Each structure stands twice: as C-alpha cells, then as structure tokens.
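In: Here is a sequence together with a model predicted from it:
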Amino acid sequence: IVMTQTPLSSPVTLGQPASISCRSSQSLVHSDGNTYLSWLQQRPGQPPRLLIYKISNRFSGVPDRFSGSGAGTDFTLKISRVEAEDVGVYYCTQATQFPLTFGQGTKLEIK
Amino acid sequence: QITLKESGPTLVKPTQTLTLTCTFSGFSLSTSGVGVGWIRQPPGKALEWLALIYWDDDKRYSPSLKSRLTITKDTSKNQVVLTMTNMDPVDTATYYCAHTASMVRGVPLSWGQGTLVTVSS
C-alpha cells in the first residue's frame, strides 16, 4: 500500500494551526473493522515517536493539540496551535496490510 | 518505562552480513500480544519497515527484503536479533528497533535511539 502525504513542506506561524494530509492507495479498513492508520513525529536528530494510532487515538503523553481524523483512504493530522517543539518531520503509516508502509514525510517548519 | 537500544557494527563491507541486536527493558516478549520490530532510515530519507517478531514467534518480513532478513528472539535475555545478508551501500541507514503490539498490528509504539550502519569497502 502506497502512502502519499501532502504537503511535503509546511511553513507555519507559531500559535497557528497546521494540517497534513495522507492518502493511501487502497482502503485501510481491516477485516476486523479497525483502520490501522498512524502518525509519527520525528524531531531533528531524534528517533520517530508515535503520536496517533488507529486514525484518532492519541498515544501516551501526546498533547491534545494533536488530533487525527479521516476514513477509508484519506486522513489528516491537525495541530491546533503550533509550538516551537513541533518542528520536525511527520509521517503517516499504515498497518492494515503487511508490509507496514510509510508516507514520504512532511517537514513542518516555523515561518 | 520501556526502553530499547540497538547495537551492532557501524561499518560493514559490501557482501558481508549485518547482525544487529535490540536489547530492551520495561516489557517481556513472553507476554501475549507483544512484539518487536525493525525499521530503517537512509540518511535524509523516509522510513522503511523491515521485520517484526511477536511473543508467539510469529515473524513478518518486508517482501522486498525477505530473502536477506532473519529475525529471532531470546526472551530470557530480552533481546531481538536481526540479520541482513549480502549488504550493499544502498543499505546504509539508521536502523531502529521498536516495541509493538498485535492490537495495533505492528505499529511501532516506542522506539530505540537507532544505530547508523554504513556499508562501504
């Protein structure tokens, strides 16, 4: 399954919202009824970190300014108010079908 | 607190076999539903999923690399080992291991810091 993210780069102003889109080449609805779409954040020089799993579930310790939505093949990660620590690359990933695949990444930077 | 740490050679020659070890704490690979996966990231590029192993020894591999990969676990040592044969310069990457679970179908939940492996003669 091919994951395509837009935009590839997103300059945002501190305190303003940001949005990243992810589209899959086929539906991510699993036969068990779940949709295994997740979002990861990779800050500069750091390993990735899980933010959101199964479309909209925030992982432990993730601030509530991060939210996920979508269904089927179209998904969105939203940051309600961007903070300086949010700078980095964001990846969507699917686990509905092996092998797991990742989007090409969206670089979030401050204007 | 879950921690994972990757270890292995930083430099391998083309055609050699790479062996990486993931040593973890904070969870047990004998617990139902638990797994450990490997993901790599070439410098400046995106993530690529490689393999994972579950508590019941169920193993999954990337189809494009399956012939070169082997994943094993040593539950008593809290370790998972990944071997990759016939290394090539295009395999130069940071290799990460990650804790995962069957309830999320292998999505990496907690990551190690990664280890950079360079393939060069």
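Out: Nice, I can see it. Residues are numbered from 1 along each chain as shown, chains lettered A, B, ... in the order given.
In: Partner strands of the host helix or strand of A:Leu51, with direction?
Out: Per DSSP states H and E, A:Leu51 falls inside strand A:49-53. Strand pairing for strand A:49-53, determined by DSSP bridges: strand A:37-42 (antiparallel), strand A:57-58 (antiparallel).
In: Please identify the most buried of those.
Out: Among the strands paired with strand A:49-53, ranked by average contacts under mean count of other CB atoms under 10 Å in any protein chain shown, first place goes to strand A:37-42 (a mean of 26). Where you see a C-beta, it was placed from the backbone N, CA and C, and this is true even at glycine.
In: neighbours around residue 51, how many?
Out: No chain in the question, so chain A it is. 22 (other CB atoms under 10 Å in any protein chain shown).
In: look at chain B instead
Out: 23.
In: do B:Ile2 as well
Out: For B:Ile2, the count of nearby residues is 12 (other CB under 10 Å).
In: Could you check how many residues crowd around the spatially closest residue to it that is not a sequence neighbour?
Out: In space, and not counting its chain neighbours, B:Ile2 is closest to B:Gly26: 3.6 Å by CB to CB, 6 or more residues apart in numbering or on different chains. The number of residues packed near B:Gly26 is 11, by other CB under 10 Å.
In: who in chain B is up against chain A?
Out: B:37, B:39, B:46-49, B:60-64, B:96, B:104-114 (CB under 8 Å from any CB of the partner chain).
In: From the residues you listed, list the buried ones, please.
Out: Buried by 16 or more other CB atoms under 10 Å in any protein chain shown: B:37, B:39, B:46-49, B:60-62, B:96, B:104-112, B:114, out of the residues of chain B next to chain A.
In: Mind checking which of those land in strands?
Out: B:Gly37, B:Ile39, B:Glu48, B:Trp49, B:Arg60, B:Tyr61, B:Tyr96, B:Ser110, B:Trp111 (DSSP state E).
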